[in-house]
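[1] could you look at this predicted model? Sequence included:
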Amino acid sequence: MWPNSIRGVNNLPEEEKRAIYLTMLPEWVLRSYGIDPVTLTVDNQPVVQIRCPAGSRALEMSVKRRATDLDPMFYLNVADTFNNQLLVLLVVVNDPDAPRFHIDRDQDGNSTQLGTTSRNLAAEEAAMRAGLAPGQVRAGLRVFKQLVPIFEEFVSNLGHDLFLIEPLAYHNAIVFERYGFNYVRGYQEMVSIHHEFQPGGAVHYKLVPDNPFRQPDAWKSVRGRSWAIHDGILGHPFTGFQMYKRIGASAGISTFPDSIW
């Protein structure tokens with residue numbers, strides 16, 4: 001029997017808790033990138049890091065293609081909430097072969113917190129024109145659909161029937177909807193955002209040709225809307241949203257019907 005919390009797992013002996021957390025590491029990651037499944041190394045250098053100190057309520061897992069790579073291919077940050085739910089704080093899957101856009105650093109080299117505290121506008125525009133969404137430094141591997149059942153099994157093994165996740169941007173929320181998530185907080189605001197982006201809506205008129213992040217046709221796509229929201233078109237940041245996924249069930253929510261990416 002597994003413990004029913006991240007903290008409980010973190011308090012296990014090192015070998016036991018690592019074995020539990022490695023169940024969330026997709027086998028295809030090891031196979032595709034030549035990671036030794038026993039030593040978790042490439043060229044004898046460790047490429048899988050698991051931060052899970054005893055007494056902590058959080059887990060961080062990072063997987064790189066090579067130990068010297070700047071960015072992980074796979075990054076996961078999960079924590080216990082105060083009422084003993086499981087909360088995914090961040091999940092990132094990067095294509096290590098895709099071009100990198102330095103949206104995470106401003107012109108002076110300071111961290112932008114992925115564009116949330118400051119912005120590198122030139123890098124963001126280049127990323128946007130390359131097809132990326134806000135917060136992405138590289139294109140993803142398009143594997144979220146494969147990750148959901150792996151994480152559902154992990155959550156189920158901990159004795160839970162659902163888990164929480166916090167979308168950091170508009171496009172994240174729409175993607176989570178597509179994979180069966182529902183809203184704890186933010187559903188009515190998402191419905192309102194969709195309405196306001198329609199022609200005649202309170203946001204639609206702010207789409208203008210002289211701003212690359214607010215192009216007139218941005219309302220038609222998930223990515224276009226997300227960039228406009230990231231650029232501040234709502235008049236406030238995209239924050240305060242929380243969603244949940246019930247194991248083995250789809251909520252069937254869609255706040256942007258028939259959306260295109």
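    Nice, I can see it.
[2] use CA for all of it now, contacts and neighbours both
    Fine.
[3] quick one: least confident helix or strand in this structure?
    Ranked by mean pLDDT, DSSP states H and E, the helix or strand of the chain with the weakest confidence is helix 27-32, at a mean of 88.
[4] check which residues of the helix or strand hosting M190 are buried.
    The secondary structure element spanning M190 is helix 187-197 (assigned by DSSP states H and E). Of all the residues in helix 187-197, those buried under the rule 16 or more other Cα atoms under 10 Å are Y187, M190, I193, H194, H195, E196, F197.
[5] for the nearest residue to the fifth one once chain neighbours are set aside, the count of nearby residues, please.
    In this case it means H195. Computed as Cα to Cα, 6 or more residues apart in numbering, the closest residue to H195 that is not its neighbour in sequence is G201, at 6.4 Å. For G201, the count of nearby residues is 14 (other Cα atoms under 10 Å).
[6] isn't there a helix covering G201?
    No: secondary structure of G201 (DSSP: H, G, I helix; E, B strand; the rest coil): coil, not part of a helix.
[7] buried residues, the longest helix seen in the chain. List them.
    For the chain, the helix that runs over the most residues, judged by DSSP state H, is helix 144-157. Residues of helix 144-157 classed as buried under the neighbour-count rule (16+ other Cα under 10 Å) are V148, F151, E152, E153, F154, V155.
[8] against which helices or strands is that helix packed?
    Here helix 144-157 is seen to pack against strand 162-165 when contacts are counted using 3 or more Cα pairs under 8 Å, 6 or more residues apart in numbering; DSSP states H and E.
[9] got the angle between the helix or strand just after the strand it packs on and helix 187-197?
    Tracing the chain C-terminally past strand 162-165 and defining elements by DSSP H and E, one meets helix 170-178 next. Helix 170-178 and helix 187-197 are oriented at 120 degrees to each other (axes from the mean of the first three to the mean of the last three Cα atoms, to 10 degrees).
[10] figure out how far helix 170-178 is from the centre of its chain.
    Per Cα atoms, centre = their mean, to the nearest Å, the displacement of helix 170-178 from the mean C-alpha position of its chain is 10 Å.
[11] relative to helix 144-157, how tilted is it?
    Computed by the same axes, to 10 degrees, the angle between helix 170-178 and helix 144-157 is 70 degrees.
[12] so for helix 170-178, mean pLDDT?
    Taken as a whole, helix 170-178 has a mean pLDDT of 97.
[13] pLDDT below threshold where in the chain?
    Counting by pLDDT under 70, the chain shows no low-confidence range.
[14] perfect, that will be all.
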